[in-house]
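Enquirer: no sequence on this one, just coordinates:
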């Protein structure tokens, strides 16, 4: 899967989620392998934005293979299991990464 397809699939998923209006979460996603690239997911003011850019004031950054990120979006890969098996790496606040994974499960 190409990077642009991963970003678009993330946008499609984001359209189905309504985050709490008072919460803020900014996660930079680094995909490796096929579909390599960097984009961010920001939950702010009850909306989720997904953009193919780096995010300087991020809560955390996650790194994983593009195919594994798609599995995470589809609910076929548990974030905690991915983290403990090394498929998901977190730079920054691990609690925010967990919050991000819960947001994707909605």
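Expert: Arrived safely. All values derive from a computational prediction rather than experimental measurement.
Enquirer: now residue 60, nearest residue through space, not along the chain?
Expert: Excluding the flanking residues, the one nearest residue 60 by CB to CB, 6 or more residues apart in numbering is residue 92, at 3.4 Å. (C-beta placed from N, C-alpha, C; glycine too.)
Enquirer: and for residue 16?
Expert: residue 106 (7.7 Å).
Enquirer: surely that neighbour and residue 20 touch.
Expert: No - look at residue 106 against residue 20 with CB atoms under 8 Å: they stay out of range, at 10.5 Å.
Enquirer: circling back to that earlier point, the residue nearest to residue 16: neighbour count?
Expert: 9 (other CB atoms under 10 Å).
Enquirer: okay, and the helix or strand of the protein with the least pLDDT?
Expert: Lowest by mean pLDDT, DSSP states H and E among the helices and strands of the chain is helix 94-105, with a mean of 90.
Enquirer: list the beta-bridge partners for the residue positioned nearest the centre of the chain.
Expert: The C-alpha lying nearest the average C-alpha coordinate of the chain belongs to residue 29 (CA atoms, centre = their mean; 5.4 Å). For residue 29, the beta-bridge partners under DSSP bridges are residue 39, residue 62.
Enquirer: show the average pLDDT along stretch 37-48.
Expert: Mean per-residue pLDDT for stretch 37-48: 94.
Enquirer: what comes up buried for that stretch?
Expert: Within stretch 37-48, the residues scored as buried using 16 or more other CB atoms under 10 Å are 39-43, 48.
Enquirer: repeat for stretch 47-61
Expert: Those would be 48, 50, 55, 58-61, for stretch 47-61 by 16+ other CB under 10 Å.
Enquirer: one more: stretch 91-104?
Expert: 93, 96-97, 99-101, 103-104.
Enquirer: may I see the residues you listed organised as TSV, with distance to residue 34 added?
Expert: Shown next, in TSV, are the buried residues of stretch 91-104 (distance: CB to CB, whole Å):
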residue	distance to residue 34
93	28
96	27
97	23
99	27
100	22
101	22
103	25
104	20
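Enquirer: closest to residue 81 out of those residues?
Expert: Nearest to residue 81 among the buried residues of stretch 91-104, counting by CB to CB, is residue 101 at 10.4 Å.
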